[in-house]
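Visitor: What shape does this take:
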Amino acid sequence: MTGELRVGFTGYYGMRNFGDDLFGVLCATASRLYWNAEPTLVGPSLADLEGSSTWPRRLPLDLYGGAGAAGKCSRLLSFVRGVHGNDVLVMGGGSVITARESFRKPMMLWANRRRGLQLAALGVSIGPFADPADEAVVAEYARHFSYLSVRDRRSYELALALGLDGVTHHGRDLAGLLSLLIPTGSARVGMRAHHGGPLHIGIAPCRYTPRPDHPAPTMDAWQDAMIESLAAIALRSPLQVEVFSLNGHPRHGDQALAEDIQSRLRDRGIDAELRLYRGHDPLATVRDIGRCDAFISARLHGAIVAYLCGVPFTIIDYHPKCRDFADDIGLPDQLRVSGQLQGGDGLFTAITTMLNDPGVRPALSPSVYAQQAQDIFQCAPWSNHQHARNGRRDTPRAGRHPAINGTEP
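Guide: Predicted structure coming up:
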């Protein structure tokens, strides 16, 4: 491969989901630094994006993210531009290595076979799968990849079981690169600690249905318990609550949930404001999360960003990806809301622990997590780091970082 590497990053970008848009900004920025690449985002442009995109800025974001035929056609045409204009196509972030049918897979495999397009995935999860047949489908698909960096231990072990050890690297979530790549001011700046006044608590709900293979509290159960707990705490300490809608999609998003929580908190006499992510600027939301004194999140990337900002957080463990992250960083049990929630004691304990006991924190420090996140890009066959060490760009390096069990080296 000669000249500047042309890399396209594909994911659920442009669908008004905070975590996915954050991946896009980080992938483009990191590829310039670690790969000396010219990045293209397959989808709409984002604020702070270093690179081009395949969706013209003059066209509305609502069209690209639409659910009808026009939206699907827009995404297809955008993806075609990404496949044909790059040397490498990277699935950048998220739970994307699954057996789910998609127009992307056959196009990626066709371009891989016919024109030598290299395929990769960074900061992703694998599965979970319904049965061995689904596993076999994904294994065959992923064998065409030159590099696969997974973000959690469960995915790494599954990749090995699927025979993908030659290209697989046990990495971290892409959000781990935040403090290293982008000056977000994301070190903890809790409002009370630095400005006095009420405790500043963030909440990020998520629309979900509990999975049969992953017992979790219902949405109503944890939200009821949270509101009762905050009302009890507010009798002793003034609170300022920020309710985040981190998915702004008109059909699949969280705005209605956030508005309902805000209304219920206000009915209990608690000052509550909305923070609605509408797409385009994920770093502004990072800064808003970093201003909280504590954070309660059913959204995975609400929890991850709070962790990286040094904000005490509680995760609502509604999906395997939430548990995977909590396990990997060694999050204490009292800061996880899992299984069938009985009453509000668990959430009351979690909130009071976050506010009053700074010694209860993840075993793996955010700074170590961030340093390890660099390996996502540095261990790729196209990285400057690999090129300097091996004198070549065509050999992937699989590996494991030293904190694979969630403890610091």
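
Visitor: Hmm, Ser149 is touching Ile97, no?
Guide: No. Using CB atoms under 8 Å as the test, Ser149 is too far from Ile97 to be in contact (10.9 Å). In short, each C-beta sits where N, CA and C put it, glycine included.

Visitor: where in the stretch 251-400 of the chain is pLDDT low?
Guide: 342-343, 386-400 (pLDDT under 70).

Visitor: ok, now with 50
Guide: 387-400 (pLDDT under 50).

Visitor: quick one, helices of it?
Guide: Assigned by DSSP state H, counting those that start in this stretch, the stretch 251-400 of the chain shows helices spanning 255-267, 282-290, 300-308, 320-329, 345-356, 366-373, 375-378, 384-390.

Visitor: Kindly reformat those as TSV containing distance to Arg207 and mean neighbour count.
Guide: Formatted as TSV, the helices of the stretch 251-400 of the chain follow (distance: least, CB to CB, whole Å; neighbours: other CB atoms under 10 Å):
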stretch	distance to Arg207	mean neighbour count
helix 255-267	6	17
helix 282-290	18	21
helix 300-308	13	28
helix 320-329	14	22
helix 345-356	19	19
helix 366-373	28	20
helix 375-378	29	24
helix 384-390	40	14
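
Visitor: what angle do the longest helix seen in the chain and helix 366-373 make?
Guide: Identified as the longest helix of the chain according to DSSP state H is helix 18-35. Orientation check (axes from the mean of the first three to the mean of the last three CA atoms, to 10 degrees): helix 18-35 against helix 366-373 gives 60 degrees.

Visitor: Now the common contact residues for Ser149 and Ile97.
Guide: Common neighbours of Ser149 and Ile97 are listed as Ala121, Val124 (criterion: CB atoms under 8 Å, 6 or more residues apart in numbering).

Visitor: Counting neighbours, go ahead and name the busier of the two.
Guide: Ser149 (29 against 23; other CB atoms under 10 Å).

Visitor: nearest residue to that one other than its sequence neighbours?
Guide: Nearest non-adjacent residue to Ser149, counting by CB to CB, 6 or more residues apart in numbering: Gly171, 4.0 Å away.

Visitor: Same check on Gly344?
Guide: Gly344's closest residue in space is Ala225 (CB to CB, 6+ apart), at 3.6 Å.

Visitor: From Met219, how far out is the one you found?
Guide: Distance of Ala225 to Met219, computed by CB to CB, to the nearest Å: 11 Å.

Visitor: More neighbours: which of these two?
Guide: Higher neighbour count among Ala225 and Met219: Ala225, with 22 against 18, using other CB under 10 Å.

Visitor: so which strand or helix has that one?
Guide: helix 219-234 (DSSP states H and E).

Visitor: Going C-terminal from that helix, what's the next secondary structure element?
Guide: strand 239-245.

Visitor: Now do that next one: distance to the chain's middle.
Guide: 20 Å (CA atoms, centre = their mean, to the nearest Å).

Visitor: what do you get for stretch 39-50?
Guide: Offset of stretch 39-50 from its chain centre (CA atoms, centre = their mean): 17 Å.

Visitor: Identify the residues contacting that stretch?
Guide: With CB under 8 Å, 6+ apart as the test, stretch 39-50 has contacts from 6-11, 13-14, 21, 24-25, 27-29, 31-32, 51-55, 57, 61, 64, 75, 78-79, 81-82, 85-86, 89, 182, 279-284.

Visitor: Filter these down to the ones in strands?
Guide: Among the contacts of stretch 39-50, the residues falling in strands (DSSP state E) are Arg6, Val7, Gly8, Phe9, Thr10, Ser52, Ser53, Leu89.

Visitor: between the residues you listed, which has the most around it?
Guide: Phe9 (31 neighbours).

Visitor: Would you mind measuring from that residue to Glu259?
Guide: Note on Phe9: its distance to Glu259, by CB to CB, is 33 Å.

Visitor: Send me the helix holding Ala225 as PDB with only the CA atoms.
Guide: What follows is helix 219-234, C-alpha atoms only, in PDB (Å, rounded to 0.1, in the frame of the first residue of the first chain):
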ATOM      1  CA  MET A 219     -37.500   0.200  32.900                       C
ATOM      2  CA  ASP A 220     -40.400   1.000  35.200                       C
ATOM      3  CA  ALA A 221     -38.800  -0.800  38.200                       C
ATOM      4  CA  TRP A 222     -35.400   1.000  38.100                       C
ATOM      5  CA  GLN A 223     -36.900   4.400  37.200                       C
ATOM      6  CA  ASP A 224     -39.500   4.100  40.000                       C
ATOM      7  CA  ALA A 225     -36.800   3.200  42.500                       C
ATOM      8  CA  MET A 226     -34.500   6.000  41.300                       C
ATOM      9  CA  ILE A 227     -37.200   8.600  41.700                       C
ATOM     10  CA  GLU A 228     -38.100   7.500  45.200                       C
ATOM     11  CA  SER A 229     -34.400   7.400  46.200                       C
ATOM     12  CA  LEU A 230     -33.700  10.900  44.800                       C
ATOM     13  CA  ALA A 231     -36.800  12.200  46.600                       C
ATOM     14  CA  ALA A 232     -35.600  10.800  49.900                       C
ATOM     15  CA  ILE A 233     -32.100  12.200  49.400                       C
ATOM     16  CA  ALA A 234     -33.500  15.600  48.400                       C
END
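
Visitor: Return the list of helices and strands in contact with that helix.
Guide: Judged by 3 or more CB pairs under 8 Å, 6 or more residues apart in numbering; DSSP states H and E, helix 219-234 is in contact with strand 199-204, strand 239-245, helix 255-267, helix 345-356.

Visitor: Return the closest of the ones in strands among the contacts of stretch 39-50 with respect to Thr349.
Guide: Phe9 (40.5 Å; CB to CB).

Visitor: Hmm, that closest one is touching Asn86, no?
Guide: No. Counting by CB under 8 Å, Phe9 sits too far from Asn86 to count as a contact (9.2 Å).

Visitor: hmm, which of the contacts of stretch 39-50 are the buried ones?
Guide: By neighbour count, with 16 or more other CB atoms under 10 Å, those hold 7-11, 13-14, 21, 24-25, 27-29, 31-32, 51, 53-55, 61, 64, 75, 78-79, 82, 86, 89, 182, 279-280, 282-283 as buried.

Visitor: Many thanks, we can stop here.
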